[in-house]
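Novice: What follows is a predicted protein model with its sequence.
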Amino acid sequence: MSEADALLESEASLEHHHTRADNSMPPGAEFAERILKRLNPRNPEIVYDMAARASKNGGMLITLMVVVWWLFIGVKSDDLSAGVSVFFSLNFEQAALAVMVLSLFSALLTEFSRDMGKILPSTAAGGMLILAGLYVAEPLVAALFLSDSDLDVQVGLWRTVRLGILWGGTTFGSNLIVNALLLKWLIRFMVSHDVDFPDRNEQQHSLTGGSPPAGD
């Protein structure tokens with residue numbers, strides 16, 4: 001056998017090995033790897049704790065934002081006829097609900113598109129984020145810079161503060177809920193395909209040449 005034939009046979013064998021390795025990977029393995037890289041659980045056992053903690057904190061924060069809306073916007077004596085938004089003519093109470101909904105969906109689309117590698121959901125999330133930001137800033141901007149505004153600066157500032165709290169809290173809570181959903185999917189993937197990932201604490205010890213702490 002000539003040297004050229006041996007080289008071609010070696011390359012064909014290597015290509016067949018790669019193809020077989022790719023086929024042996026379970027569906028969703030790349031998605032699972034992206035979740036692992038972004039959320040960076042230290043070991044397989046902590047994934048369950050991370051999912052439970054993110055779900056609990058996200059639910060608590062979203063509930064708190066609903067309470068903030070109810071106590072500081074829904075039952076307060078704001079003059080809803082004043083400061084009607086130029087964006088779809090929403091009054092203050094409706095604008096607050098819109099900020100919460102836009103923040104929720106923009107966070108969901110952003111987090112899912114980041115891990116799934118989709119561009120269109122992230123584009124839609126950017127538009128929602130801009131519109132929510134406009135609703136948040138509009139009362140203060142109108143009170144400061146529009147001569148025909150029916151809001152004074154104090155009222156405009158207080159409205160913007162409340163909308164900003166709803167915007168930030170809903171966005172952060174939504175991110176936590178998405179992370180919990182992704183971790184839940186990762187747990188199901190690991191169990192159904194009987195796969196595991198290396199303990200990153202052990203990897204860190206091996207890379208740094210350190211030894212695990214001795215027991216008591």
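Specialist: Cool, the structure landed.

Novice: looking at it, R38 is touching E111, isn't it?
Specialist: No - counting by C-beta atoms under 8 Å, R38 stays clear of E111, with 9.2 Å between them. C-beta coordinates here come from the backbone N, C-alpha and C atoms, glycine included.

Novice: quick one: which of these two has more around it?
Specialist: E111 (22 against 12; other C-beta atoms under 10 Å).

Novice: Please name the nearest non-neighbouring residue to G58.
Specialist: With sequence-adjacent residues excluded and distances taken as C-beta to C-beta, 6 or more residues apart in numbering, G58 is closest to L176, at 3.2 Å.

Novice: what number of residues lie near that neighbour?
Specialist: Neighbour tally, L176, other C-beta under 10 Å: 21.

Novice: was I right about it contacting A51?
Specialist: No - if you go by C-beta under 8 Å, L176 and A51 don't touch, sitting 10.5 Å apart.

Novice: Quick check: the closest residue to V86 other than its chain neighbours vs S103, distance?
Specialist: Nearest residue to V86, sequence neighbours excluded (C-beta to C-beta, 6+ apart): E138, at 7.4 Å. In this view, E138 and S103 are 15 Å apart by C-beta to C-beta, to the nearest Å.

Novice: Quick one, grab the pLDDT at F88.
Specialist: Note for F88: predicted pLDDT of 92.

Novice: Check the secondary structure at it for me.
Specialist: Per DSSP: H, G, I helix; E, B strand; the rest coil, the local secondary structure of F88 is coil.

Novice: Determine the longest helix present in the chain.
Specialist: Identified as the longest helix of the chain according to DSSP state H is helix 153-193.

Novice: Output the contacting helices and strands for that helix.
Specialist: Helices and strands touching helix 153-193, by 3 or more C-beta pairs under 8 Å, 6 or more residues apart in numbering; DSSP states H and E, are helix 29-39, helix 44-69, helix 92-116, helix 120-145.
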